[in-house]
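> Below are the sequence and a predicted model for it; my questions follow.
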Amino acid sequence: MRFPRPRYSLGALLALVALVAVGFWIFRNAPEEMRRRDEARALARVDPYELAQARADADGLPELVTILGDSRFKHWNRVSSVKFLSPGTLVSFGGDGTVRFWDAATGKQTRAVDAPGPFAASGDGKFLLFGREDGTLAVWDCAKEKVVSQFAKPDKPTYMFLAANQDGSRLAAAKPSGWVTIWDAPNRSVVAEFDGGLGRPSAVALSARGDVFALAGGTDVSIWDSNSGEELRRLGPFTDPSGDKCIVSALAFSTDGKTLLTGDAVRRVRVWEVSTGNEQVELAEHRGSLCLIRFAEKGNRLATASDETVRLLYSQAGKWVESRELAKPHAGAVYDVCLDGPVLATAGSDHAVRLWNDGQPQRMTGGQPWEVSCAAYSAKGDYLAIGSPDGSIRLWNGRTFEIVQSWRAHTGFVKHVAFGNDDSLLASSSDDGTVVVWTAPGGEEVRVMSDVFPPGGPIVFSPDGKTLATNGPRGVALREVATGEVTRWLSRPKGGLRGEFAFSRDGRLLASGDGPNTVTVWDVATGTVKAALGPRTMDEVAVSTGNRTVVGAVWRTVNAWDIASGAPVCVLAGHTSRIRAVRLSPDEATIASAGDDGTVRLWDVATAAQVKLFRLGPPGAIVEDVLYSPDGRYLLTVNGNGTAYVLRLPARK
């Protein structure tokens, strides 16, 4: 039996071809389309304020996918000065080279001005004085919100310290040599110039009327008539209780100008009569070296600060009485304080401005900020762990960037987080002295290790997930994950471990950043040193390894070596300040580096060429860390302003 041959029209054949082509296109492009939708949704969830701040600091940043964390009341670097301009407005100056104005209720920035420094504010908060990029000194009128006066560029070196009197009519500046200039601000005229006679200054102060200037240098303090440039008297040398000389680190005039307060390296605050130079009283000691003394505007309250504490005192019957002590208000040193009624503002080395009311953090509109201190991708890229200074850990979906879970993990600053090989375990390291292993997701505590030193050191799982490397008193401790017991020590080299460490991707080698060598490469099985790489002048190093290459940061350059031979692969130069982090891409073809110049740079290993530059912040901004996603599509940056950025990487050709 013969069946008739089917007949297909040309139109049907074309339709079938089109259907197959569409299906193939969908098959190939559906994941990419889903990724783009996830990126769009992630960016849409970002707080508009944070997005605007990021784009303003970074000049657009079109590669930005999402922002994690909170930059309210945060600079990109240490905050060295803070001042209330009014009950609702603060201004701060930071090591990122900016003066930033803040809404006190929300913690949101309202304006930023580039200012490499130094910085000072008039006592009434109406005028600011700061150094500019070209070396000139600018006077900012806070009411007019603009620079109203500018002083001629000084001969190099530029000024080290600035001071202003109560109404901003008299300004003082000191150079590193100790040379002092006093100006009449309205007329922009020099009133007096003189050599302070004490060498490099450590602190300066100008009285409220502007007629008396004090300069600390080394172990002495000199007091000067600001009108004539005549030295009135000298205090010192300052000594500790055993008779050894000690450095004077802080100065402040009382609001009536009759007394001068000094703070020194042995934690004392001493009160001196300006007219006679006689010591009136010595106040209680701090726990650390005194770094500043500040009076409230009316002069009846006083704040002193050291590395660890802030003390509030009030005047009662001619005596200073302590009213409150604030212990460790910052994760690091306190650099400045300012009093405004019951509210205290503090500035610190942790890049933050913080507000306190009756010794407690002042609640802000929109909730308290949460900050990013460290981050890690899981091996498969399903999760992203974020650690915070408040001791919490947040777990995010690594592809959609939606929050999965959060928990309080430590009593101190979370310094490092790391995932195991199968994404089921997460380890965290904190300055509370512990390393903790958690289930992920779940956040259930599996094991606590407290025999780590120094606290808060780096942690990393071996590629097979069976070993966790931590700091220890003898070097790198290789610990069995199942028990937490140390199975091998990689003995500490002379000078100690000063940087990070990382396993090679086959788990046979571990590279550590050391004091005397840039990078030491260890054989994990035997504990022997395979190679000591790089110059012997490095204080701290960031490392990253693949199977073929180990990468280390040497101050401003990135160095890569072949693991097998120890031979240099390339030296990459371009950063203008210290490099804090280096990472090899998953395919070992690209290196990412981040540092204190506000940039992240991508380098081609084969050609040693810089292929991409992300400018995230001002020239003095710190980028703490940089991570590749496991699929190599994204770069995550841990930023000095308390945020993390996820950036889309250019496709490799």
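Noted; the coordinates are in hand.
> And the helices in this protein, which stretches?
Listed in chain order, the helices of the chain (DSSP state H) span 10-45, 48-58.
> mean pLDDT lowest for which of the ones you listed?
Lowest mean pLDDT of those: helix 10-45, a mean of 72.
> residue contacts, the closest residue in space to L572 that isn't next to it in sequence?
Excluding its sequence neighbours, the residue lying closest to L572 (C-beta to C-beta, 6 or more residues apart in numbering) is V558, at 4.0 Å. No exception for glycine: its C-beta is placed from N, CA and C like everyone else's. By C-beta atoms under 8 Å, 6 or more residues apart in numbering, the contact list for V558 reads 551-552, 571-573, 579, 582, 591, 593, 603.
> roughly how far apart are G632 and A589?
Going from G632 to A589 by C-beta to C-beta, to the nearest Å gives 9 Å.
> what about stretch 375-393, how long is it end to end?
Distance between the two ends of stretch 375-393: 9 Å, counting by C-alpha to C-alpha, to the nearest Å.
> Let me see the mean pLDDT of it.
Taken as a whole, stretch 375-393 carries a mean pLDDT of 96.
> Any buried residues in that stretch, and which?
By 16 or more other C-beta atoms under 10 Å, the buried positions in stretch 375-393 come out as 375-379, 381-393.
> mind listing the strands for the stretch 51-200 of the chain?
Applying DSSP state E, counting those that start in this stretch to the stretch 51-200 of the chain gives strands spanning 64-69, 79-86, 89-94, 98-103, 109-114, 119-121, 127-131, 137-141, 146-151, 161-164, 170-174, 179-184, 189-195.
> List just the one of those that sits closest to C246.
Closest approach to C246 among those is made by strand 161-164 (19.9 Å; C-beta to C-beta).
> Direction included, what does the closest one pair up with?
strand 170-174 (antiparallel) (DSSP bridges).
> how much space is there between the residue nearest to L636 when sequence neighbours are not counted and I591?
Using C-beta to C-beta, 6+ apart and skipping residues adjacent in sequence, the residue nearest L636 is L627, 4.5 Å away. Per C-beta to C-beta, L627 is found 13 Å from I591.
> List the residues that are in contact with both of those two.
Counting by C-beta under 8 Å, 6+ apart, the residues touching both L627 and I591 are R583.
> The two: which has the busier surroundings?
I591 (27 against 22; other C-beta atoms under 10 Å).
> Tell me how many other residues surround A502.
24.
> Beta-bridge partners for it, please?
Going by DSSP bridges, A502 forms beta bridges with A511.
> any idea of the pLDDT on it?
87.
> still on that earlier bit, let me know the closest of the contacts of V558 to F295.
I579 (41.3 Å).
> bridging residues for that closest one?
Legend: beta-bridge partners of I579 under DSSP bridges are G595.
> The one 4 residues further on too?
For R583, the beta-bridge partners under DSSP bridges are A592.
> show me what contacts it?
544, 551, 591-593, 626-628.
> Which of the residues you listed ranks first by neighbour count?
In these, the most neighbours by other C-beta under 10 Å go to V551, 29 neighbours.
> Could you measure from it over to S585?
Here V551 is placed at a distance of 11 Å from S585 (C-beta to C-beta).
> before we move on, what about G199?
50 Å.
> Looking only at neighbour counts, state which of these two leads.
Legend: neighbour count by other C-beta under 10 Å for G199 and S585, higher for S585 (20 against 13).
> Now that one. Its backbone dihedrals?
Per-residue torsions, S585: phi -70, psi 160 (degrees, to the nearest 10).
> my guess is it meets W603, correct?
No: applying C-beta atoms under 8 Å, one finds S585 not in contact with W603, separated by 9.9 Å.
> Spit out the residues that contact those two alike.
591-592.
> ok, V269 - contacts?
By C-beta under 8 Å, 6+ apart, the contact list for V269 reads 261-263, 282-284, 286, 290, 293, 304.
> any idea which of those is closest to V274?
Of the contacts of V269, the one sitting nearest to V274 (C-beta to C-beta) turns out to be L261, at 10.6 Å.
> is the closest one in a bridge, and if so with what?
In this structure, L261 bridges to A252, V271 when assessed by DSSP bridges.
> okay, now it: neighbour count?
25.
> quick one on the thing from earlier: what about burial for the contacts of V558, which qualify?
551-552, 572, 579, 582, 591, 593, 603.
> Most widely separated two among these?
G552 and W603 (13.3 Å).
> Return the helix or strand in the chain with minimum mean pLDDT.
In the chain, the helix or strand scored least confidently by mean pLDDT, DSSP states H and E is strand 543-545, which has a mean of 67.
> where's T259 relative to R301, distance?
Here T259 is placed at a distance of 15 Å from R301 (C-beta to C-beta).
> With L283 instead?
13 Å.
> Now list whatever residues contact both of these two.
L313.
> Please name the spatially closest residue to Q280 (chain neighbours excluded).
Closest to Q280 by C-beta to C-beta, 6+ apart is V271, at 4.6 Å.
> show me the contacts for that neighbour.
259-261, 279-283, 320.
> try it again with 7 Å
Applying C-beta atoms under 7 Å, 6 or more residues apart in numbering, we find V271 in contact with 259, 261, 280-281.
> Now list the buried members of these.
Neighbour-count burial (16+ other C-beta under 10 Å) applied to those gives 259, 261.
> Could I get the contacts of V271 in a markdown table, plus columns for pLDDT and distance to V646?
Listed next are those as a markdown table, based on pLDDT from 0 to 100; distance: C-beta to C-beta, whole Å:
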| residue | pLDDT | distance to V646 |
| --- | --- | --- |
| T259 | 94 | 54 |
| L261 | 93 | 48 |
| Q280 | 89 | 58 |
| V281 | 86 | 56 |
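> just curious, which of the contacts of V271 is nearest to T309?
The closest of the contacts of V271, once distances to T309 are taken by C-beta to C-beta, is L261, at 16.6 Å.
> what's the spacing between that closest one and S226?
For L261 relative to S226 (C-beta to C-beta), the value is 18 Å.
> What is the neighbour count of A608?
15.
> wait, what's in contact with it?
Neighbouring residues of A608 by C-beta under 7 Å, 6+ apart: 570, 572.
> So what's the predicted local confidence for V521?
pLDDT, V521: 85.
> Same question for R2.
For R2, the model assigns a pLDDT of 58.
> Residue numbering should commence at 28 henceforth.
That works, and once the first residue is 28, the last one we named lands at R29.
> who's in contact with the nearest residue to A591 once chain neighbours are set aside?
Leaving aside its chain neighbours, A591 sits nearest to R575 (7.6 Å; criterion: C-beta to C-beta, 6+ apart). Neighbour list for R575: 589-590, 615 [criterion: C-beta under 7 Å, 6+ apart].
> about what we covered before: quick check, nearest of the contacts of V585 to E324?
For the contacts of V585, the nearest to E324 is I606 (43.2 Å; C-beta to C-beta).
> Distance check, that closest one against F154.
Taking C-beta to C-beta, one finds I606 at 38 Å from F154.
> cool, and L198?
For L198, the distance to F154 - C-beta to C-beta - is 9 Å.
> Much appreciated, bye for now.
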